[in-house]
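Trainee: make a model of this:
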Amino acid sequence: MKTLFLLSLCGIAVLLLTAPPVAAASFSLSNVTYLPAPPLVPGGQQHVDAQFDLLPSATCFMYSANICSSFSPGTCPFYFLGPCTFYPGHELQLQTALLGARWTIQVVVDGHNSAMQTARGSAAFINSFLISYSSYHDVSLIITIDGTVPQGSGSQVMVLKIDEIDENNTIVPGNSVILIQPIAGMAATAVPTPLPTLSLALIPTSESKTQLPGFSCLAALAGVGLGMLFLRGRI
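Mentor: Residues are numbered from 1 along each chain as shown. Just a heads-up that it's a prediction; the model follows:
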């Protein structure tokens, strides 16, 4: 037994030395419902149901449940290295801008309800112990929030934000989900449409008056008559 234990420790050391860097887990929104439906009413009560699927993508170093079933909890020396639904030691941080929020978080494993926890306030946390499984399992979260839509919060409200937190209480980059909904009665910011510039065509005004054709003709005849009289007088 002692030899087996030493061999297992050597195996663990080899796995630790050859293990790839820790990768963040991955979760995707599969369904969300709002009651009442958006847009949200300031000062009104709001109910939200959101379901997230945890996708096996993190590289985990965990106990082997099959081999460790005959050992006392915490004494099994056998581990496995491989993809899992959530990295052990990390946790999920849930936040909402709804006032007086009441949380219900249901963990579903392979289609069956597993752990459930409740919380109150603007934030809630899910321990990795509840959601860390090997890739052979389907794990999802059903998150229910009941709260009051804040007033004077602008044109939209953050209904839910999920972040993965590591051992140093730091948000793991690239693994966050946020749900934002508009506020009723808040018109979208209008973008002014530039009006076309009107160009007025200037018509030049002539100071000389236009003479009628008849008047010009009479003047011409009178000139011819005077000329003939002048010539006759000279003869």
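Trainee: what does stretch 96-107 contact?
Mentor: The contact list for stretch 96-107, computed with C-beta atoms under 8 Å, 6 or more residues apart in numbering, reads 46, 48, 94, 113-124, 126, 130-131, 139-150, 153, 157-161. Every residue, glycine included, has its C-beta placed from N, CA and C.
Trainee: make it 6 Å
Mentor: Here stretch 96-107 makes contact (C-beta atoms under 6 Å, 6 or more residues apart in numbering) with 46, 114-120, 124, 130, 142-148, 150, 157-158, 160.
Trainee: kindly write the ChimeraX command that selects the buried subset of those.
Mentor: Remark: buried members of the contacts of stretch 96-107, expressed as a ChimeraX selection using 16 or more other C-beta atoms under 10 Å:
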select :46,119,124,130,142,143,144,145,147,150,157,160
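Trainee: which residues does Thr104 bridge with?
Mentor: Counting by DSSP bridges, Thr104 forms beta bridges with Thr118, Thr144.
Trainee: the chain should start at 58 in everything you say after this.
Mentor: Right, with 58 as the first residue, what we last looked at is Thr161.
Trainee: count the neighbours of it for me.
Mentor: Each residue near Thr161 was counted by other C-beta atoms under 10 Å, and the total is 15.
Trainee: how far away is Phe143 from Gly168?
Mentor: To Gly168, Phe143 is 18 Å away according to C-beta to C-beta, to the nearest Å.
Trainee: the more surrounded of the two?
Mentor: Taking other C-beta under 10 Å, Phe143 and Gly168 do not tie; Phe143 has more neighbours (28 against 7).
Trainee: SS state for that one?
Mentor: coil (DSSP: H, G, I helix; E, B strand; the rest coil).
Trainee: how near is it to Ala181?
Mentor: As judged by C-beta to C-beta, Phe143 and Ala181 stand 16 Å apart.
Trainee: isn't Tyr190 right next to Thr142, touching?
Mentor: Yes - between Tyr190 and Thr142 a contact is recorded at 4.7 Å, counting by C-beta atoms under 6 Å.
Trainee: more neighbours, the two?
Mentor: Ranked by neighbour count (other C-beta under 10 Å), Tyr190 and Thr142 place Thr142 first, with 26 against 21.
Trainee: residue contacts, the more buried one?
Mentor: So Thr142 contacts Leu111, Pro113, Tyr190, Val196 (C-beta under 6 Å, 6+ apart).
Trainee: what does Tyr91 give?
Mentor: With C-beta under 6 Å, 6+ apart, Tyr91 has these contacts: Val105.
Trainee: which SSE is it in?
Mentor: Remark: Tyr91 resides in strand 83-92, with elements defined by DSSP states H and E.
Trainee: in that strand, what counts as buried?
Mentor: Those would be Ser83, Phe84, Tyr91, for strand 83-92 by 16+ other C-beta under 10 Å.
Trainee: do the same with stretch 213-232
Mentor: The neighbour-count check on stretch 213-232 (16+ other C-beta under 10 Å) flags Val214, Val216, Leu217, Lys218, Ile219, Asp220, Glu221, Ile222, Val229, Asn232 as buried.
Trainee: who does the next helix or strand after the strand holding Tyr91 touch, helix- and strand-wise?
Mentor: Once the chain leaves strand 83-92, the next helix or strand it forms, by DSSP H and E, is strand 102-112. Counting contacts by 3 or more C-beta pairs under 6 Å, 6 or more residues apart in numbering; DSSP states H and E, strand 102-112 packs against strand 83-92, strand 196-205.
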